[in-house]
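[1] Build the 3D model from these lines:
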Amino acid sequence: MSTKKVMFDFGDGNGPVPAHRHGNGGGWVADTAKVGEKAQVCEEARVFGEARVCGKACVSGKAQVFKKSRVFGEAQVYGEARVYGDARVSGGAQVCEVARVFGDAHVYGKARVYGDAQVFGEARVCGKACVSGKAQVFKKSRVFGAARVSGEALVCEGAQVYSEAQVYGKAQVYGDAQVYGDAQVYGEARVCGEARVCGEGEVKSESDWLLLGPIGSREALITFHRSKRGGIWAITGCFSGDIDKFAAAVKKTHGDSFHGKAYRLAIQMARGYFGLARTGGEAERLKRAE
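    Down below sits the predicted model:
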């Protein structure tokens, strides 16, 4: 006695394919996909292609998990979110609203990707990090800790945003740049190369940071950037702090040696640079006011 196969069209251009309703939730699952017994696929959700949903993961709303993607642990994909390609969503992570996670991206821990955000390439979003709005995190970038990337911000290439840092507006962080601590990068700022923005950093334009070097006995780079209190912050090696404290540390460690003089020139340049940048900004504001 022959049994007629149940067919369902997942709307991916492949037409109707053998499928079944999952026992835990009633959502459609292609026979080529695999969903664990404890995993939940709700009525309007879809799992197809060679996707895998297992553990106590939940796919609900009108969400779709397809191609070779994996959703496992206690992860949740809901709303109209899409997870596809070779992407993975695991742990207690959430992907929701109309967010997209694809390529070789991995979202895990208690991270959240929502709004119209996209995480793709080989990007990693983890810890308690959030990516929202129309933000994009891609290539080999990392967003972790309790960091927030939102608005229309871009974090890409090998950049890292972590701790409690925030990147938002139309800001871009790329290259091997790092934004961490309580720092904020926003507006139309671009932070790139090997720049570091941390502590009380506040960067809202490209004139708010300066990268110098290599310099000193370690031939290291120094990033100077504005702080939320209006001062200048310096980061190099294991030092991170106010420019005045940096100058005192240089004097104590290097004195009048060659390296000491080089550091003092860098400090002098940074003070002059930010002074000119501030003056230029004030002139521009006055011009607009007229």
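
[2] now the helices for this protein?
    243-254, 258-289 (DSSP state H).

[3] rank those helices by pLDDT, which is bottom?
    Mean pLDDT is lowest for helix 258-289 among the helices of the chain, at a mean of 72.

[4] Would you enumerate the residues in contact with residue 116?
    97, 98, 99, 133, 134 (Cβ atoms under 8 Å, 6 or more residues apart in numbering). Yep, even glycine has a C-beta here, placed from its N, CA and C like the rest.

[5] Kindly recompute the last result at 6 Å.
    Residues counted as contacts of residue 116 (Cβ atoms under 6 Å, 6 or more residues apart in numbering) are 98, 134.

[6] Next, count neighbours for the residue lying closest to residue 260 once chain neighbours are set aside.
    Distances taken as Cβ to Cβ, 6 or more residues apart in numbering place residue 254 nearest to residue 260, at 3.3 Å, with adjacent residues excluded. Residues lying near residue 254 (other Cβ atoms under 10 Å) number 17.

[7] any idea how far residue 254 lies from residue 263?
    To residue 263, residue 254 is 6 Å away according to Cβ to Cβ, to the nearest Å.

[8] Also residue 247?
    Distance of residue 247 to residue 263, given as Cβ to Cβ: 8 Å.

[9] Number of residues surrounding residue 81?
    Counted with other Cβ under 10 Å, residue 81 comes out at 27.

[10] That one and residue 101 touch, don't they?
    No. Judged on Cβ atoms under 6 Å, residue 81 makes no contact with residue 101 at a distance of 7.7 Å.

[11] list the residues that contact both of these two?
    residue 95.

[12] centroid residue for the chain?
    Centrality entry for the chain: nearest residue to the mean C-alpha point is residue 143, 3.8 Å, by Cα atoms, centre = their mean.

[13] OK, contacts around it?
    With Cβ under 6 Å, 6+ apart, residue 143 has these contacts: 125, 129, 137, 149, 161.

[14] Touching, residue 203 and residue 197? I think so.
    Yes. Between residue 203 and residue 197 there is a contact at 5.5 Å, judged by Cβ under 6 Å.

[15] Name the residue in the two with the higher neighbour count.
    A direct count of neighbours by other Cβ under 10 Å for residue 203 and residue 197 places residue 197 higher, at 29 against 25.
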